[in-house]
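> Mind folding the following:
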Amino acid sequence: MKFFSQTELSKKVGWGEESGRRWIKMFEFYLPHTKKGNTKLYNQDSYKILLIIKTLSEKNFTSTQILEVFKERGLPKNDDELQQIINSKRTLNQIDSIIYESIPLPKEFIIPILNSLKNKRVCISSELNSKVAKQLELSDSQVSFTYPDSRESMFTSRMRAARYSLLKQEYIQEINKLTYQITNKGHKLLEESSEEIIEEINELEKVIDPFEIILENVEEIENELIEKLLEELKKAQWRRLETIVVELLTAMGYGDGQVTQRTNDGGLDGIIKEDKLGLDNIYVQAKRWENSVGRPDIMSFSGALDAKAARKGIFITTSNFTSGAEEYVERLESKKIILIGGKRLARLMIENNIGVNIKRNIAVKEIDFPYFEGE
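Here you go, the predicted structure:
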């Protein structure tokens, strides 16, 4: 098997070294690799996964959206599954693409923000946004444009990034929560020559909000934890795995759970009683597998549910499911079967504090402006 260094892999995919390094680091959890000394080496499977990531990126999926898709659905196993991902989300159509390209970058908001504040009047963020949008003659579509599944407009996000840079370099000051005023230094910048202003804006572009860095690092830490949890789950004794799964579903609020007796479980590993009388039960099967779980295994599980006259089942595996298995459960009408793959299982364990401990709580605080007001 041929291995590639990070630089070689980036070039093979068609990225520059710096861009490739950023994508590889962000998705390293999903990339098979080995170590030779302190150097990480990647194989052909890593290359194929990065091609998928690049394809989604070229379809205007952000890195965050790609990560969410992978967490929810796993890696696409073929071109059809990749196309399903592309079709399942609202990608940027031709009109959206025109709007997207027309929205100014954060650095293009710098001077409009200072101009909006140059009369030394204080301004809250929403008013400042309106003034800048008016200066730049942005349409309602440009101001309200969001990526698919995003709660915040791109305009608002880029305005926040520009404000942070100006605050950090003391061109503006925050005198109350989300209330800003220009400084003397900000006035002086407006009086500089065009060349000097451009030079300073380029410097401001390098200022990065540390909170964004924290979020990226938290994502990386969580991905490493998921990988370690999966390793432990795959090593766990089969009976222990069943207990863990029942504990997890109980912690998620699905009712009282119990592991079934091996001699009379009908191929089912656990039962979750949704009510105290057990009028509606959820049956569980857990498999510690390396290979993908296919349609025949899910059909067998479905048959076991029929034997119990059950309408609800959860099939959990430490690996993943084939497209055939997923299509089968989607077409079921008389019952509902939920499939939970390894990565989703690990993430649910983290969210519900099963098999993990809190290493340290970190609170990010901000100034309480009203505390300092009054006599």
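
> Now do the longest helix along the chain: which elements does it pack against?
The residue-count maximum for a helix in the chain (DSSP state H) belongs to helix 210-235. When contacts are defined as 3 or more C-beta pairs under 8 Å, 6 or more residues apart in numbering; DSSP states H and E, helix 210-235 sits against helix 17-26, helix 342-351. C-beta coordinates here come from the backbone N, C-alpha and C atoms, glycine included.

> next helix or strand past that helix?
helix 238-251 (DSSP states H and E).

> Output the contacting helices and strands for that next one.
For helix 238-251, the packing partners by 3+ C-beta pairs under 8 Å, 6+ apart are strand 256-259, strand 270-273, strand 281-287, helix 342-351.

> Quick one: closest of the helices and strands packed on helix 210-235 to K312.
Minimum separation from K312 across the helices and strands packed on helix 210-235 (C-beta to C-beta) falls at helix 342-351, 17.2 Å.

> Remind me what that closest one packs against, helices and strands.
So helix 342-351, by 3+ C-beta pairs under 8 Å, 6+ apart, packs with helix 63-73, helix 210-235, helix 238-251, strand 312-317.

> do you know how far D140 is from A133?
From D140 over to A133 the distance is 9 Å, taken as C-beta to C-beta, to the nearest Å.

> hmm, back to that, packed most tightly, which of the helices and strands packed on helix 210-235 would that be?
Ranked by mean neighbour count, the helices and strands packed on helix 210-235 are led by helix 342-351 with a mean of 20 (mean count of other C-beta atoms under 10 Å).

> For E227, the count of nearby residues, please.
E227 has 15 neighbours, counted by other C-beta atoms under 10 Å.

> who touches it in this structure?
Contact analysis of E227 by C-beta atoms under 8 Å, 6 or more residues apart in numbering lists F29.

> Tell me which of the helices and strands packed on helix 342-351 lies nearest to R121.
So among these, helix 210-235 is nearest, using C-beta to C-beta, at 27.8 Å.

> Out of the helices and strands packed on helix 210-235, which gets the lowest mean score?
Lowest mean pLDDT within those: helix 17-26, at a mean of 82.

> now the helices and strands packed on helix 342-351 in JSON lines, with distance to N357 and mean pLDDT?
Formatted as JSON lines, the helices and strands packed on helix 342-351 follow (distance: least, C-beta to C-beta, whole Å; pLDDT from 0 to 100):
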{"stretch": "helix 63-73", "distance to N357": "22", "mean pLDDT": "80"}
{"stretch": "helix 210-235", "distance to N357": "11", "mean pLDDT": "83"}
{"stretch": "helix 238-251", "distance to N357": "15", "mean pLDDT": "88"}
{"stretch": "strand 312-317", "distance to N357": "22", "mean pLDDT": "92"}
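
> from memory V132 sits against I110, does it?
No: here V132 does not reach I110: they are 10.1 Å apart, not a contact under C-beta atoms under 8 Å.

> What residues of the helix or strand bottoming out on mean pLDDT in the chain count as buried?
Lowest mean confidence among the helices and strands of the chain (mean pLDDT, DSSP states H and E): strand 256-259, at a mean of 74. For strand 256-259, a neighbour-count test (16 or more other C-beta atoms under 10 Å) marks 257, 259 as buried.

> Partner strands of it, with direction?
Strand 256-259 sits in its sheet next to strand 270-273 (antiparallel), going by DSSP bridges.

> nearest spatial neighbour of I110, skipping sequence neighbours?
I201 (5.2 Å; C-beta to C-beta, 6 or more residues apart in numbering).

> for the one you found, phi and psi?
phi -60, psi -40 (degrees, to the nearest 10).

> how far away is it from T39?
38 Å.

> If you count surrounding residues, which of those two has more?
More crowded of I201 and T39, by other C-beta under 10 Å: I201, with 18 against 11.

> Confirm for me that that one is in contact with P106.
No: judged on C-beta under 8 Å, I201 makes no contact with P106 at a distance of 9.7 Å.

> all helices of the stretch 51-200 of the chain, in order?
Along the stretch 51-200 of the chain, counting by DSSP state H, counting those that start in this stretch, helices occupy 63-73, 79-88, 94-102, 110-117, 125-135, 140-144, 154-168, 184-190, 194-204.

> Buried residues in the fourth one, which are they?
Residues of helix 110-117 classed as buried by neighbour count (16+ other C-beta under 10 Å): 110-114, 116-117.

> swap in the second one?
Taking 16+ other C-beta under 10 Å as the neighbour-count basis, helix 79-88 is seen to contain the buried residues 81-82, 85-86.

> Who are the packing partners of that helix?
helix 44-58.

> Output the contacting helices and strands for the helix it packs on.
Counting by 3+ C-beta pairs under 8 Å, 6+ apart, helix 44-58 packs on helix 6-13, helix 17-26, helix 63-73, helix 79-88.

> Now do the buried residues in it.
Residues 46-47, 49-50, 52-56 are the ones in helix 44-58 that count as buried (16+ other C-beta under 10 Å).
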